[in-house]
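what shape does this take:
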Amino acid sequence: MKVFVTGGAGYIGSHTLVALLAAGHEVCVFDNYSNSSPVSLARVRQLTNRDMEMVEGDICDIDGLTKTLTAFAPDAVVHFAGLKAVGESNDIPLRYYQTNVTGTMNLLAAMDAAECRRIVFSSSATVYGEAQYLPFDEAHPIGPTNPYGRTKAMAEGVIGDWASATPGASAVLLRYFNPVGAHESGRIGEDPQDIPNNLMPFVAQVAVGRRDRLSIFGDDYDTRDGTGERDYIHVVDLAAAHLAAIEYAAHTTGCEAINVGTGQGITVKELVAAYERACGHPIAFEIAPRRPGDVASSYAATAKARELLDWRAALDVDAMCASSWRWQSENPHGFDGD
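Below you'll find the model as predicted:
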């Protein structure tokens, strides 16, 4: 199958590329490298011993996007390209709407021009907002609490409307929970361009000596040890979910939202303990006040992914931390070391 991948040089995109190429798919990557590195693509080629097309471009440039997508003529699109920092989205909301919503609209228009009818969309559990019940299932009301989450929810709506109005169209909206870990080779992994927004890359940078200590925001939640509990999913499992979603989209029509998680919560202190086992030394941390908007627990209901995609997570927290440490210890400065 020919697969067009926006944002393929990024963290989740690069791991999905490995899975796509290993499965024999023909791939074209479209990325502007605003929060990624072309080095990751070079390493994907080394890992897979497979070639792929690589085009530098921006989804906000509808002419360039349409030209590239039409020339490649894909059977399916996997859409990762977008901005993803919750805090930043509060500071520059218009840029988030422009990239995440208008960019998605541009992509769908380009797909129409290329007569491509299948898309797998990188969405987020952030669209759920505050939990009315747990675990989050796909029927849980949508209520994002920040501009980033609202752009993901809006993009989901646009894709759903497109699928309804387009004969033969199929769309899968994958709602990720908390992707972590790295490829077992240690050659590709998460490489934040600034201060990490997520827990594990921050822990990894403390472990490798780039940062002094981790701040744990609150230890008085109603959880096993008082720290926040989240559903962490290994990025390699997440990549496999994309392959399953592409196959599902090839044989169905309509639009489906599907959670991608393990269905189990891990607390901050449990994650730190697992990382200490992986790196072999203590992780310095301090307890800080709770952050506004943080919730005690968030984890996925995963039955729909098992039923529709025949997919479930296979890798546990120790595998997540061991692979992350391998990546971080061998690449202490990320792709900038190349």
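
show residues contacting stretch 151-163.
For stretch 151-163, contacts defined as C-beta atoms under 8 Å, 6 or more residues apart in numbering pick out 82-83, 89, 96-97, 99-101, 104-105, 108, 119, 121, 123-124, 126-127, 142, 144, 169-171, 173, 253-255, 257. Every C-beta, even on glycine, is put in place using the N, C-alpha and C of the backbone.

hmm, try it at 7 Å
Residues outside stretch 151-163 that contact it (C-beta atoms under 7 Å, 6 or more residues apart in numbering) are 96-97, 100-101, 104-105, 108, 119, 121, 123-124, 126-127, 142, 144, 169-171, 173, 254-255, 257.

got the contact list for stretch 126-146?
Stretch 126-146 is contacted by residues 86, 89-90, 125, 148-150, 152-153, 156, 175, 257-259, 263, 293, 295, 297-301, 304 when judged by C-beta under 7 Å, 6+ apart.

can you list the domain ranges for the protein.
For the chain, automatic domain parsing gives the domain ranges 2-181+233-263, 199-230+264-298+317-337.

pLDDT on the first one, on average?
Taken as a whole, domain 2-181+233-263 carries a mean pLDDT of 97.

just give me the neighbour total for Glu115.
Using other C-beta atoms under 10 Å, Glu115 is surrounded by 10 other residues.

what about Gly87, how many residues nearby?
Residues lying near Gly87 (other C-beta under 10 Å) number 11.

from the chain's centre, how far out does the strand or helix carrying it sit?
Element membership for Gly87, per DSSP states H and E: helix 86-91. From the chain centre to the centre of helix 86-91 is a distance of 17 Å (C-alpha atoms, centre = their mean, to the nearest Å).

what packs against it?
Packing partners of helix 86-91 (3 or more C-beta pairs under 7 Å, 6 or more residues apart in numbering; DSSP states H and E): helix 147-165.

which parts of the helix it packs on are buried?
If you call a residue buried by 16 or more other C-beta atoms under 10 Å, then helix 147-165 has these buried ones: 147-160, 162-163.

helices along the protein, start to end?
Remark: helices assigned in the chain by DSSP state H are 11-22, 38-48, 62-72, 86-91, 93-96, 103-114, 147-165, 199-207, 235-250, 268-279, 303-304, 317-330.

and the fifth one, what does it pack against?
Other elements packing on helix 93-96 under the criterion 3+ C-beta pairs under 7 Å, 6+ apart are helix 147-165.

and the helix it packs on with helix 235-250, angle?
Relative orientation of helix 147-165 and helix 235-250, computed by axes from the mean of the first three to the mean of the last three C-alpha atoms, to 10 degrees: 20 degrees.

got the angle for helix 147-165 vs helix 103-114?
Between helix 147-165 and helix 103-114, the angle comes out at 20 degrees (the same axes, to 10 degrees).

hang on, the earlier thing: buried among the contacts of stretch 126-146? Make that a ChimeraX selection.
Typed into ChimeraX, the line below selects the buried ones among the contacts of stretch 126-146, using 16+ other C-beta under 10 Å:
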select :86,89,125,148,149,150,152,153,156,175,257,258,259,263,297,298,299,300,301,304
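
is it possible to get JSON lines of the domains of the chain that adds distance to Glu190?
Shown next, in JSON lines, are these (distance: least, C-beta to C-beta, whole Å):
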{"stretch": "domain 2-181+233-263", "distance to Glu190": "5"}
{"stretch": "domain 199-230+264-298+317-337", "distance to Glu190": "5"}
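
centre of the chain to stretch 102-115, how far?
Here stretch 102-115 is found 21 Å from its chain centre; the criterion is C-alpha atoms, centre = their mean.

buried stuff in it?
Within stretch 102-115, the residues scored as buried using 16+ other C-beta under 10 Å are 102-108, 110-111, 114.

in TSV, list these along with distance to Ile59.
Formatted as TSV, these follow (distance: C-beta to C-beta, whole Å):
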residue	distance to Ile59
Thr102	8
Gly103	4
Thr104	8
Met105	9
Asn106	6
Leu107	6
Leu108	11
Ala110	9
Met111	12
Ala114	14
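
quick one: contacts of the helix holding Gly87?
Outside helix 86-91, the residues touching it (C-beta under 7 Å, 6+ apart) are 83, 96, 146-148, 197.

my read: Asp219 touches Gly226, true?
Yes - in this structure, Asp219 is within contact of Gly226 by C-beta atoms under 7 Å, at 4.1 Å.

what's the local residue count around the closest residue to Arg326 other than its chain neighbours?
Ranked by C-beta to C-beta, 6 or more residues apart in numbering and with sequence neighbours excluded, the top spatial neighbour of Arg326 is Gly186, at 3.9 Å. Gly186: 16 surrounding residues under other C-beta under 10 Å.

cool, thanks, signing off.
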